[in-house]
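> Predicted model and sequence follow; I will ask about them next.
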There are 2 protein chains.
Amino acid sequence: MPERHLHLNAFLMGVGHHEAAWRHPAADPAALLDVRHYQELARIAERGGFDSVFLADGVQVWGDVEHTAAHVFEPITLLTAMAAVTSRIGLIATASTSYTEPYNLARLFASLDHISGGRAGWNIVTTAGDKAAQNFSRDAAADHAERYERADEFLRVVTALWDSWADDALVVDRATGRYADPRRVRDVAHRGRFFQVKGPLNAPRSPQGHPLLVQAGSSEDGKVFAARWAEAVFTAHQTLESARSFYADLKGRLPAHGRPAESLKVLPGIVPVLGGTEAEAKRLADELDELIVPVRAVSQLSEMIGVDLTGHPLDQPLPPLPPVAAINGAQSRFALVRDLVERERLTLRALLSRLGGGRGHQVVAGTPEQIADHIELWFAGGAADGFNVMAPVLPTGLTDFVDTVIPELRARGLFREGYSGTTLRDHYGLAKPADGFSEIAAAAV
Amino acid sequence: MPERHLHLNAFLMGVGHHEAAWRHPAADPAALLDVRHYQELARIAERGGFDSVFLADGVQVWGDVEHTAAHVFEPITLLTAMAAVTSRIGLIATASTSYTEPYNLARLFASLDHISGGRAGWNIVTTAGDKAAQNFSRDAAADHAERYERADEFLRVVTALWDSWADDALVVDRATGRYADPRRVRDVAHRGRFFQVKGPLNAPRSPQGHPLLVQAGSSEDGKVFAARWAEAVFTAHQTLESARSFYADLKGRLPAHGRPAESLKVLPGIVPVLGGTEAEAKRLADELDELIVPVRAVSQLSEMIGVDLTGHPLDQPLPPLPPVAAINGAQSRFALVRDLVERERLTLRALLSRLGGGRGHQVVAGTPEQIADHIELWFAGGAADGFNVMAPVLPTGLTDFVDTVIPELRARGLFREGYSGTTLRDHYGLAKPADGFSEIAAAAV
């Protein structure tokens, strides 16, 4: 059995994951609008040997305009700009199956995969919330189950488009003028509930065949979807037990799809708040929490869990939250918050402080050794194949992680010394999917 | 009155605009799949001081798969990769209003504009043809008039989204945690025939306010649209008279929209086939034409004009073509071909040779002085504000143009010596559109 190595993804967000990062002296809010900041983050992560960088996305304004450090860039374009200044690190963009056309999205990701030499990944989201829907000629979002049904069909179309050119379709014979073998290019001819797509894609097969498929929904629908499609899963857990149970659950669903356990990597989020001493780290965490603007945090929390908490008194315990099944938003994140509130009987203010650093992801404040201990415990303990690293302040939190935690992980034999391959699939140890063309001719287009 | 200067756009296409370029010894077909080739083209064009580079696009396979050098990259991503290696040149991407959502496209272009520091442009197309429609859950394309009606509404939505943040919306006050002034961010609240979009966009206003709006449809619907929206128009003409009449027609439509003549630049296409002598240039043109594969050229022509000519004998005169109004494809390109066929009574083979170099654009084979003469004649003769330069083979045709034609144009005082500004709008001498916010507060979101 091959040595098992951690996978590390650098989840990049503005000038840091902590919601008040832009107010902290270590951050430069002007960097939010500057592509060079993001290119520099990609370079730092590549220097550290991270498997990939990742950008979240939404198709609406998040939180309240007044107190939220605004989004600027669309992820696929921003990652393309990062691709131009790096050569190895994977590039994972979030995009929605609910508000895009499969032909367009298949092209954008194939293009990023060609441009980056096989480093593209797609974090597939179904996009909860009516605010987003109202930007796309609808009054309200489709319900949770329908969003996932559409996502499933979307994936069937997109993967068929990526496979519509055989790996060897290009002939490029100048003498005869024959550029491609038409028997190695085929229609998709998809007719489903949501889409009719004839194909083929207007691009030859990309270096990875399929960009890496990533998913982050941890609801029941999300897990069903992940077991079928995802090759990496980002997930949020507050306790080792919760992460371990999620890990076992997800891996246990793979055999039904004929998939081995290692074909899907589970990466819980971690917000590493680093300090030379534990006290220093906790001071940074406190400094950041003190900068949270409650009205803004309540607005973001309400949007995240799909329950309106604006106007609730900050120092009162929270009202009883509805059952998970009644939520048409991000169900798994709602469930996490609901468990936390019930377990610890939190006031709204206490809850905001618990979530401000990582929106439900585990915040670990400590020394590099303590962060490495946490990572090792979860990795060795059947809770993670790696981590989605969410630096609270950027770039400092990422630079510190690369310079202090990664050497510690390497010293423990947990993280590889460098890149052994060139594609994102290489880094995650995932094979390139076959193109599905037989040795003999496919139907001509 | 300020000195009038030519505007030059480098229309980039694979390894050259001639449809058989990839077969010519001067081209390297492997470059088609290599982002570095395109990045190098952008660098060459910037060295020459071109206002912009431009990429065409379609959302279907063009021509026949067997003989067409395939598309690889999607334009917005490819231009983002070019943005990373250049600092001044404008970047114009084609995108369709028929098969995208305005919120998504507004974001992609705003993102490219932010990434490039104000160098983004959008060539707006409505996308003719049922082949494209069938990749987007439709059996056939909407009719010509409806496509333009949708395009008009699309532009109203997209420009409102770009204007949904005032230029001065960001406050970024770390002390109070106030990031933006909500009175300087507004909903779009669009409810029209095709779209309902609430807004605002999830990105602050981009450096140019609006990416430069470019258009290339020259039909009556196209001209109505251009007079309202376009700031630069790409157009194809075979004669000076045709170009002059189009120029006067389009400029004459502007006052009705309260627009001065110089607010829209007309750029006819030119395929400069360059040689040290005229004979050398004509030899290159002949070499390229001899590499045309007739079956492939007939297939592309049929798709371009929306009339099926496959199976027609090559050496017979063409059958009578239908009236322009009966065409649901690219009407103006069809009209150009129809005029050419009627004026010169061409056989199909002769027509293919006339179109192979530039798909209807003017092919001029000659010395740098002769090319400059042609450009000067049209520029001074009321037919052009500049040119859409379509090198037959790339990169050589672009390098030659930069090294021989541009110095000649500068010697004649027709082309500026270098860039005087930093944005695409600066190069074209077009102002940044006002954000439409009054001095006092707009409605809060």
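Structure's in. What do you need?
> Just the closest residue of the stretch 251-400 of chain A to chain B, please.
As assessed by C-beta to the nearest C-beta, chain B sits closest to residue A:293 within the stretch 251-400 of chain A, at 4.1 Å. Heads up, the C-betas are built off the backbone N, CA and C, glycines and all.
> contacting residues for that residue?
Residues in contact with residue A:293 (C-beta atoms under 8 Å, 6 or more residues apart in numbering or on different chains) are A:20, A:67, B:177.
> For chain B, what's the nearest residue on chain A?
Across chain A, no residue is closer to chain B than residue A:84, which sits at 3.4 Å (C-beta to the nearest C-beta).
> surely that residue meets residue B:81?
Yes: using C-beta atoms under 8 Å, residue A:84 makes contact with residue B:81 at a distance of 5.3 Å.
> Find the residues that touch each one of those two.
Counting by C-beta under 8 Å, 6+ apart, the contacts common to residue A:84 and residue B:81 are residue B:39.
> Which one of those two is surrounded by more residues?
Neighbour tally, residue A:84 and residue B:81, criterion other C-beta atoms under 10 Å in any protein chain shown: the higher count belongs to residue B:81, 24 against 20.
> what helix or strand is that one on?
According to DSSP states H and E, residue B:81 maps onto helix B:75-83.
> Beyond that helix, next helix or strand please.
Next along the chain after helix B:75-83, with elements defined by DSSP H and E, is strand B:90-96.
> Mind checking if that following strand is in reach of chain A?
No: Strand B:90-96 stays out of contact with chain A when judged by C-beta under 8 Å from any C-beta of the partner chain, the minimum separation being 9.0 Å.
> quick one: contacts of that strand?
Identification of contacts with strand B:90-96 by C-beta under 8 Å, 6+ apart yields B:9, B:42, B:51-57, B:59, B:75-76, B:79, B:82-83, B:105, B:108-109, B:112, B:116, B:119-127, B:132, B:212, B:214, B:423-424, B:427-428.
> hmm, back to that, what angle separates the helix holding residue B:81 from strand B:90-96?
170 degrees (axes from the mean of the first three to the mean of the last three C-alpha atoms, to 10 degrees).
> Quickly check: helix B:75-83 near chain A or not.
Yes: Helix B:75-83 lies within reach of chain A by C-beta under 8 Å from any C-beta, at B:76, B:77, B:78, B:80, B:81, B:83.
> Name the SS class of residue A:273, please.
Of the three states, residue A:273 takes strand under DSSP: H, G, I helix; E, B strand; the rest coil.
> hmm, back to that, which PyMOL command selects the buried ones in the contacts of residue A:293?
Here the buried members of the contacts of residue A:293 are turned into a PyMOL selection, burial being counted by 16 or more other C-beta atoms under 10 Å in any protein chain shown:
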select buried, (chain A and resi 20+67) or (chain B and resi 177)
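> out of the contacts of residue A:293, which one sits closest to residue A:283?
residue A:20 (14.9 Å; C-beta to C-beta).
> ok, that closest one - contacts?
Neighbouring residues of residue A:20 by C-beta under 8 Å, 6+ apart: A:288, A:289, A:291, A:292, A:293, A:356, B:177.
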